[in-house]
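Visitor: Sequence below, structure please.
(one chain, ligands or ions: 1)
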Amino acid sequence: MNILDQITAQKTKEVSAKKEAFPIKSLELSTLFERETVSLATALRTAPIGIIAEHKRRSPSKSVINDKVLVQDVAVGYEKAGVSGMSVLTDTPFFGGSLDDLLVARKATSFPILRKEFIIDPYQIYEAKAYGADAILLIAAILDAHEIKLFSSIAKNLQLDVLLEVHNQEELEKSLFPTIDMIGVNNRNLKTFEVSLETSKSLSKLIPSEFVKVSESGISSIENIKALKEYGFQGFLIGENFMKTENPGASALQFMKQL
Ligand SMILES: O=P(O)(O)OC[C@@H](O)[C@@H](O)c1c[nH]c2ccccc12
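Guide: Here you go, the predicted structure:
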């Protein structure tokens, strides 16, 4: 079984247990549920160069990246650095994150936050909203067109922006619904872990201009960003490059100064 299949199999179990223990009604009682969200897509569109900085403790490809820093310090540091938003991994078994991380980041900041999760059920979208996210990720490789349409319209009804992640032309073509705000091209193949910025470059011309184009993974230099900008990218999702340092917020600030 490839890693994506392993993750979704685990997710299916996790979500069905949670749905029983905490029905959606209990999520709606959250005070954060009533919070006004802020748009990540707008933040990226209006920034000269829109960086989304990620909190990621570990990953299946790298094992431990950073398990020393506190999520609130990372969140505050990223916001001070002036990035457009933050991505918080909430998957526990494979990435060492949690919904608590999302909640802590939310309480510490007011910039847009993306819930980075393997979403396979609408329940996780309500959860994202209840824990203070402004945007969700949908991964085309694990959803069919009907699910993408349905999940993105549920998100929009909750005032959440949608970042749809693709890795090839077929995934892109099945996913172009008006309820999607941003298209993210993942430069990392989640099945093989190979990273190539060429993936973003070659898919860019197939993304209609109404979607904010985001390039994800493997970005570590200003040169990378300049090259991708030429292809119309307005958002750049950066994880490891910041998280592998002792002070991710300070690293993001250094990076922003060079832009
Ligand atoms: O750490 P990197 O190479 O800068 O990548 C960040 C982000 O793009 C990556 O974590 C990611 C992209 N899509 C995902 C889907 C699930 C989990 C993680 C991801």
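Visitor: contacts and neighbour counts: CA atoms only from here.
Guide: Will do.
Visitor: interface residues of the stretch 51-200 of the chain facing the ligand?
Guide: The stretch 51-200 of the chain comes close to the ligand at residues residue 186, as judged by CA under 6 Å from any ligand atom.
Visitor: Taking the stretch 51-200 of the chain, what residue is nearest to the ligand?
Guide: Nearest to the ligand, among the residues of the stretch 51-200 of the chain, is residue 186, at 5.7 Å (CA to the nearest ligand atom).
Visitor: got the buried residues for stretch 163-173?
Guide: Residues of stretch 163-173 classed as buried by neighbour count (16 or more other CA atoms under 10 Å): 163-168, 171-172.
Visitor: Which of these fall in helices?
Guide: Counted as lying in helices by DSSP state H, out of these, are 171-172.
Visitor: of all the buried residues of stretch 163-173, which two lie farthest apart?
Guide: Within the buried residues of stretch 163-173, two members stand farthest from each other by CA to CA: 163 and 168, at 15.5 Å.
Visitor: For the residue of the stretch 51-200 of the chain closest to the ligand, give me phi and psi.
Guide: Backbone torsions of residue 186, given as degrees, to the nearest 10, read phi -80, psi 120.
Visitor: How is residue 51 assigned, secondary-structure-wise?
Guide: Using DSSP: H, G, I helix; E, B strand; the rest coil as the criterion, the local structure at residue 51 reads strand.
Visitor: contacting residues around it?
Guide: 44, 83-85, 235-238 (CA atoms under 8 Å, 6 or more residues apart in numbering).
Visitor: Out of the residues you listed, which end up buried?
Guide: Counted by 16+ other CA under 10 Å, these give 44, 83-85, 235-238 as buried.
Visitor: Can I get stretch 94-105 in CSV, CA atoms only?
Guide: Taking C-alpha atoms only, stretch 94-105 is exported to CSV below (Å, rounded to 0.1, in the frame of the first residue of the first chain):
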residue,chain,number,x,y,z
PHE,A,94,2.0,10.6,10.2
PHE,A,95,2.8,14.2,10.8
GLY,A,96,2.7,14.6,14.6
GLY,A,97,0.2,17.4,14.6
SER,A,98,-3.2,17.8,16.2
LEU,A,99,-6.4,19.9,16.3
ASP,A,100,-4.9,21.4,19.6
ASP,A,101,-2.1,22.8,17.5
LEU,A,102,-4.7,24.5,15.3
LEU,A,103,-6.5,25.9,18.3
VAL,A,104,-3.3,27.2,19.9
ALA,A,105,-2.2,28.9,16.6
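Visitor: for stretch 50-63, what is the average pLDDT?
Guide: Taken as a whole, stretch 50-63 has a mean pLDDT of 96.
Visitor: actually stretch 25-38, not the one I wrote
Guide: When pLDDT is averaged over stretch 25-38, the result is 89.
Visitor: residues making contact with the helix or strand that contains residue 150?
Guide: Secondary structure from DSSP states H and E places residue 150 in helix 145-157. For helix 145-157, contacts defined as CA under 8 Å, 6+ apart pick out 121-122, 125, 136, 138, 140, 161-162, 174-175, 177, 179-180.
Visitor: So which of those belong to strands?
Guide: Counting by DSSP state E, the contacts of helix 145-157 place 136, 138, 161-162 in strands.
Visitor: and these as TSV, adding neighbour count and pLDDT?
Guide: Below are those laid out as TSV (neighbours: other CA atoms under 10 Å; pLDDT from 0 to 100):
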residue	neighbour count	pLDDT
136	27	99
138	28	98
161	29	98
162	26	99
